[in-house]
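J.: have a look at this fold, sequence not included:
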């Protein structure tokens, strides 16, 4: 997918929406000095181009009782099974992120569990039961130091 060329207004819109996805378009329009309709059109253009993938509510997993966060490296017997394996992993509700990676493992997943026993059950009764999974390595997160969106790049001067 080609990179989209963003002008200063597009960048400003993205900055506001990254900070607060619920910010009203009319408020963004006032900050940008353009009409609300123009903001709607630009956001739609950014969505259609795949620059904006959506907006979502962020929930604190600990407040819901998910006290254990772990990152698990998964090695697959045959890398040609990567996509098939990911479809099986997608069905495991504890897995909230999945990445194809380089190095010792083929796939890296992030899981949330209520406690260590739940993590053990998820690992041994779900993840390692997926066809083709030959090895895993689990890293328990002690605390999330930070999480953020990608920063909007500066506008290049011509």
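T.: Everything's here; your move. What you see is a predicted model; the values in this text were computed from it and never measured.
J.: for the residue nearest the centre of the chain, give me its contacts.
T.: By CA atoms, centre = their mean, the chain has its centre lying nearest to residue 97, at 6.5 Å. Residues near residue 97 by CB atoms under 8 Å, 6 or more residues apart in numbering: 109, 110. (Glycine included, C-beta is placed from N, CA and C.)
J.: confirm it sits in a strand?
T.: Yes: applying DSSP: H, G, I helix; E, B strand; the rest coil, one finds residue 97 inside a strand.
J.: centre of the chain versus stretch 27-36, how much separation?
T.: Counting by CA atoms, centre = their mean, to the nearest Å, stretch 27-36 is centred 29 Å from the centre of its parent chain.
J.: ok, now stretch 29-41?
T.: The chain centre lies 28 Å from the centre of stretch 29-41; the measure is CA atoms, centre = their mean.
J.: follow-up on the earlier one: roughly how far does the residue nearest to the centre of the chain sit from residue 111?
T.: 9 Å (CB to CB, to the nearest Å).
J.: same check on residue 12?
T.: From residue 12 to residue 111 the distance is 37 Å (CB to CB).
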